[in-house]
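J.: Any chance you can model this:
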Amino acid sequence: HVQLVESGGGSVQAGGSLRLSCVASGISSSRDDMAWFRQAPGKERERVASISSSGGTTYTDSVKGRFTISKDNIKNTLYLQMNSLKPEDTAMYYCAAKYFWYTDWHVWGQGTQVTVS
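T.: Numbers count the residues shown, from 1 in each chain. Purely as a prediction, here's the structure:
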């Protein structure tokens, strides 16, 4: 059974920090690719950051220098450390994963809300 379960969202003031976690089952963080996406009301979903099986990372320009994606292969858990949060970071954040040989992100979590005021 393949499943992703996010946690760590909440409400913070601008300039604050949050850390999101995503526990994976049926997906191996050491073998497969994982990512964080977000979607704000009325906007398209965007990929915030991704991390490959080898640990290579990518970030969307708007979060570079503020967000850090990481993973713990022993715990099979993905993280997103978010610092210097801005109101425009407000969105539902989703953990996603794909087998390393897939092209599309095919496993999604239920989402966790981040609100920055």
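J.: the strands in this protein, which residues?
T.: According to DSSP state E, the chain carries its strands in the segments 3-7, 10-12, 18-25, 33-39, 46-51, 57-59, 67-72, 77-82, 91-98, 107-108, 112-116.
J.: Identify the bridge partners of the residue most central in space within the chain.
T.: What sits nearest the mean C-alpha location of the chain, by C-alpha atoms, centre = their mean, is W36, with 2.4 Å. Under the criterion DSSP bridges, W36 forms beta bridges with A49, C95.
J.: Same question for stretch 61-72: list its buried residues.
T.: Neighbour-count burial for stretch 61-72, with 16 or more other C-beta atoms under 10 Å as criterion, is recorded at V63, F67, I69, K71. Any C-beta I mention is one placed from the backbone N, CA and C, and that applies to glycine too.
J.: before we move on, what about stretch 89-97?
T.: Buried residues in stretch 89-97, defined by neighbour count with 16+ other C-beta under 10 Å: D89, T90, A91, M92, Y93, Y94, C95, A96, A97.
J.: Lovely, talk soon.
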